[in-house]
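1. compute the structure for the input listed below.
(3 chains)
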Amino acid sequence: MSQSYDRGLVEDFGRWRDFSAGMWAWVFHKFTGWVLIGYLFTHIAVLSTAIPAAGGDPSIYTNTLQGLEDLLVVRFLEVGLLAVAVFHILNGIRLLFVDLGVGLTAQDKSFYASLVLTGAIVVASIPTFLVGQL
Amino acid sequence: MAEHYSSFSRHGTGWLLQRLTAVFLIGVLAFHFMLLHFVNHAADVTFMGTQMRMQQLGYFVTMIAFLVTATFHGVNGVYNALVNQGLAGTQRTVVKWSLVAASVALVLQGIRVAFAMTGSPIL
Amino acid sequence: MSTQIQEQESEQEEQQQGESVPAQQQRRMDQKRERAADEERQRERVESSLDDEDTRTLKVFRYDPEVEGKKDPRFDEFVVPFRKGMTVLDALMWARDHYDSSLTFRHSCRQAICGSDALFVNGSQRLGCKTQLADLQNPVRIEPLPHQEVVKDLVVDMQHFYDQMDAVQPYFNDDDVPDGLEEQRQTRENREKIKMSTRCIWCGACMSSCNIAAGDNEYLGPAAINKAYRFAMDDREGEAMKQERLEILEQENGVWRCQTQFSCTEVCPKDIPLTDHIQELKREAVKNNLKFW
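-> The predicted model follows:
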């Protein structure tokens, strides 16, 4: 077979402007998934301060967590984490329905719905997440 | 194409487990966020408070299950994503076992942390 | 329809004896320039004749590995007259007939049933003969199907696609036909169930649109899985053959690879609910395994 030329990214992600709902849902789901598993590792690392805390000095744990919460940037990262988690949950529900073969013709609408709902929940949660900071 | 077949299909089982853990995680992750950001604000978390929650057996067991299923769901998802990008051969084997090692380490450390949080640390 | 416009070229082929080599080369160069100028004049003539007509511009992908100077992929622009009801294929044929007879693309029935002319039109896999020019943004960008080797211009190598279709053994097993039957009937309900899956025309649009098939071409792909669905869900298929088929689908590169991106379902020119069928086969495979536990 004659080796054809390399069309490179043009074939895949270079075409992102032409992506449809299902493709975007997949991209976002993968991205939020990577963020969440990355966070799980850091989360356990931070909570590991509970081990010396249990050894007799509870303030190590309390101070580490409250020290982090005192930083405004951490509060914003938490809002970001909420957005990521909520989207992953809502789109995950959508995917479970797809797996069950329910409502496949509305898969694009359910994706938009999960986006809108994610946005709404995040906006509504911002005051709670920033309380004590502002 | 059929190299090996048994009634127990690994690929199908992985797919099914990914879905089953998803169902569990949807509930527990939402609960976790509600409890630690809305009921109790994250900024007010103290070791005493954590200890109080973790000393309830039901909560403790739920958190351990949360850790295990989340690790499986996340790491399996990462592995699937890499395989879909064409990861194969020796590289795949290496990545697979590195991911397994990372998961085991994460779960063990998580369990250590969980016991420490109850106030009676192991190891 | 495809009447070739003959090029008015002066057929001056007789070699003059005793001519020196550089002179011959000179003459060949002249002829080449002459031909290029001819083509240019032809193009101008056609384009100027379209001055007061409603036109559309095609930007067509060109590539020919066998001709020096055409090995680098490029886009050619063709201005074609627009008529109501004109399809992308009609426009391509007009361009071929009036501008460049070397423009290469597959087509046959022109009514969306032979599956020859799946093209990448304005960033999406479509059948040339089923896509109305009126529905597209101008200029219309026409490329060969992504993820397949380009043979020439808009023609891609479909062999891998055909191999995958064959891999699912798209036929009934003779042993499953009961003895002494003149015809083997199917219930209306069962016919309805597999109806959409039988509509596949092997055009390869779905396969080309699939992001997973692009990353690793071991994946069976939507068309082959749909073909397997067509037989596995048919009541006339025997139990043994169905098991064998499910085993093929359950392998690592079978149904599990589908990520429900819905790209295939969206581009299918025959509106086959491909994702739906793949998902049903996943559930079927899981149920099939649970039986043994």
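
2. make it CA atoms for all contacts and neighbour counts henceforth
-> Will do.

3. hang on, C:D153 packs against C:S102?
-> No: using C-alpha atoms under 8 Å, C:D153 makes no contact with C:S102, being 9.2 Å away.

4. higher neighbour count, the two?
-> Using other C-alpha atoms under 10 Å in any protein chain shown as the criterion, C:D153 and C:S102 rank with C:D153 on top: 23 against 11.

5. now do the contacts for the more buried one.
-> C:D153 makes contact with C:F61, C:R62, C:Y63, C:D64, C:L103, C:T104, C:F105, C:P144, according to C-alpha atoms under 8 Å, 6 or more residues apart in numbering or on different chains.

6. among those, which ones are in strands?
-> C:F61, C:R62 (DSSP state E).

7. turn the contacts of C:D153 into a markdown table, including pLDDT.
-> Below are the contacts of C:D153 laid out as a markdown table (pLDDT from 0 to 100):
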| residue | pLDDT |
| --- | --- |
| C:F61 | 92 |
| C:R62 | 91 |
| C:Y63 | 89 |
| C:D64 | 89 |
| C:L103 | 95 |
| C:T104 | 95 |
| C:F105 | 96 |
| C:P144 | 92 |
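
8. nearest to chain B, of the contacts of C:D153?
-> C:P144 (23.0 Å; C-alpha to the nearest C-alpha).

9. got phi/psi on that closest one?
-> In this entry, C:P144 is assigned phi and psi values of phi -70, psi 160 (degrees, to the nearest 10).

10. contacting residues around the closest residue to it other than its chain neighbours?
-> Closest residue to C:P144 apart from its sequence neighbours, by C-alpha to C-alpha, 6 or more residues apart in numbering or on different chains: C:L154 at 4.3 Å. Residues near C:L154 by C-alpha under 8 Å, 6+ apart: C:F61, C:R62, C:T104, C:F105, C:R106, C:L119, C:E143, C:P144, C:L145.

11. okay, now the sheet partners of the helix or strand C:L119 falls within, with direction.
-> Here C:L119 sits within strand C:118-121, counting by DSSP states H and E. Sheet pairing of strand C:118-121 (DSSP bridges) gives strand C:124-127 (antiparallel), strand C:140-143 (antiparallel).

12. which residues in chain A form helices?
-> Secondary structure of chain A (DSSP state H): helices at A:21-47, A:50-54, A:59-69, A:72-100, A:107-130.

13. mind listing what's buried along the longest one?
-> In other words, helix A:72-100. Within helix A:72-100, the residues that qualify as buried are A:75, A:78-79, A:81-96, A:98-99, counting by 16 or more other C-alpha atoms under 10 Å in any protein chain shown.

14. what's the answer for the last one, then?
-> Burial within helix A:107-130, assessed by neighbour count using 16+ other C-alpha under 10 Å, is assigned to A:Q107, A:D108, A:S110, A:F111, A:S114, A:L115, A:T118, A:V122, A:S125, A:I126, A:F129, A:L130.

15. ok, so of the contacts of C:D153, who is nearest C:G180?
-> C:F105 (47.6 Å; C-alpha to C-alpha).

16. follow-up on the earlier one: tell me, which of the buried residues of helix A:72-100 make contact with chain C?
-> A:V98, A:D99 (C-alpha under 8 Å from any C-alpha of the partner chain).

17. number of residues surrounding residue 53?
-> This is for chain A. 19.

18. please refer instead to chain B.
-> 15.

19. now it. Its backbone dihedrals?
-> Per degrees, to the nearest 10, the backbone of B:R53 is at phi -70, psi -50.

20. is it correct that it is in contact with B:M63?
-> No: with contact defined as C-alpha under 8 Å, B:R53 does not count as touching B:M63 (10.3 Å).

21. contacting residues for A:H88?
-> Shown in contact with A:H88 (C-alpha under 8 Å, 6+ apart): A:H29, A:T32, A:G33.

22. confidence score at it?
-> What the model reports for A:H88 is a pLDDT of 97.

23. same thing with the one 3 residues further on?
-> According to the prediction, A:N91 has pLDDT 96.

24. show the contacting residues for it.
-> A:N91 neighbours (C-alpha under 8 Å, 6+ apart): A:A25, A:H29, A:F111, A:S114.

25. mind listing what's buried in the helix or strand that contains C:Q164?
-> Per DSSP H and E, C:Q164 falls inside helix C:159-167. Going by neighbour count (16+ other C-alpha under 10 Å), the buried part of helix C:159-167 is C:F161, C:Q164, C:M165, C:A167.
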